[in-house]
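All I have is the shape, not the residue letters:
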């Protein structure tokens, strides 16, 4: 089954403690991205990757890092989480960045930073 | 990318057609219209997309006006499981998706 898998689904952590949210897709997609969703602000893109070793900032990249060492994986790294990063996070993938391709989203990771 | 305008919320009776409008008056020639939905706090789910012509798949139909300045997503027989936030997105080649606030559709028994 084609899917995007995020882990963990829920995470509560303390300020400053480094964490990684993993994202994996099994569709051999080139393009992957991370979004955060906050009430009243909608879904905003954090980072994206057009292919292995190619990543770029989205609209709200501050406080986040990503890496794309393999095509299937695109982890989101919070080196020093702060309470304002409490949010619902989604990973997405699509065949490539071109239009005429649908995006597949993961189930989401609800992060709370205290 | 062109900006979209959608109603904040809509209601629909179960079994009836749900017609969700989207205004994208500044759309340019190379921009596609996409529809996604998000059920509760799950990941957004692709529904349908189109450029100029009307499109239909197993989930919905997409009607795009001739001038392409607006479109309508039609769920032909809405069920309670179609209650969700529906996002209309206009996307150009090599650009990223930008989600707006969407329309919260409530299907009522």
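Cool, got the structure. Quick caveat: nothing in here was measured; it's all calculated off a predicted structure. Residues are numbered from 1 along each chain as shown, chains lettered A, B, ... in the order given.

give me phi/psi at the residue in chain B that chain A sits nearest to?
With CB to the nearest CB as the measure, residue B:43 is the residue of chain B nearest to chain A, at 3.1 Å. From N, CA and C alone the C-beta is placed, and that goes for glycine too. The phi/psi pair for residue B:43 (degrees, to the nearest 10) reads phi -70, psi 140.

From residue A:43, how far off is the closest residue to it other than its chain neighbours?
Of all residues not flanking residue B:43 in the chain, residue A:105 sits nearest, at 3.1 Å (CB to CB, 6 or more residues apart in numbering or on different chains). Relative to residue A:43, residue A:105 is positioned 9 Å away (CB to CB, to the nearest Å).

who touches both of those two?
Residues within reach of residue A:105 and of residue A:43 at once, by CB atoms under 8 Å, 6 or more residues apart in numbering or on different chains, are A:90, B:44.

Against residue B:41, how distant is the residue in chain A sticking out farthest from the centre?
Ranked by distance from the centre of chain A (CA atoms, centre = their mean), the top residue is residue A:100, with 21.8 Å. Using CB to CB, we find residue A:100 at a distance of 28 Å from residue B:41.

One more: residue B:75?
In terms of CB to CB, residue B:75 sits 21 Å off from residue B:41.

In terms of neighbours, single out the busier of these two.
Each of residue B:75 and residue B:41 has its neighbours counted (other CB atoms under 10 Å in any protein chain shown); residue B:75 has more, 21 against 11.

Count the neighbours of residue B:45 for me.
16.

Over to residue B:19?
15.

residue contacts, residue A:59?
Neighbouring residues of residue A:59 by CB under 8 Å, 6+ apart: A:44-46.

So for residue B:49, what's the pLDDT?
Note for residue B:49: predicted pLDDT of 95.

What helix or strand is the closest residue to it other than its chain neighbours located in?
Excluding the flanking residues, the one nearest residue B:49 by CB to CB, 6+ apart is residue B:34, at 4.2 Å. According to DSSP states H and E, residue B:34 maps onto strand B:32-38.

What residues of that strand count as buried?
Neighbour counts over strand B:32-38 (16 or more other CB atoms under 10 Å in any protein chain shown) mark B:32-38 as buried.

Give me the neighbour count for the nearest residue to residue B:100 once chain neighbours are set aside.
Among residues not flanking residue B:100 along the chain, residue B:4 sits closest, at 5.5 Å (CB to CB, 6+ apart). Neighbourhood size, residue B:4 [other CB under 10 Å]: 24.

Also residue B:84?
Residue B:84 has 21 neighbours, counted by other CB under 10 Å.
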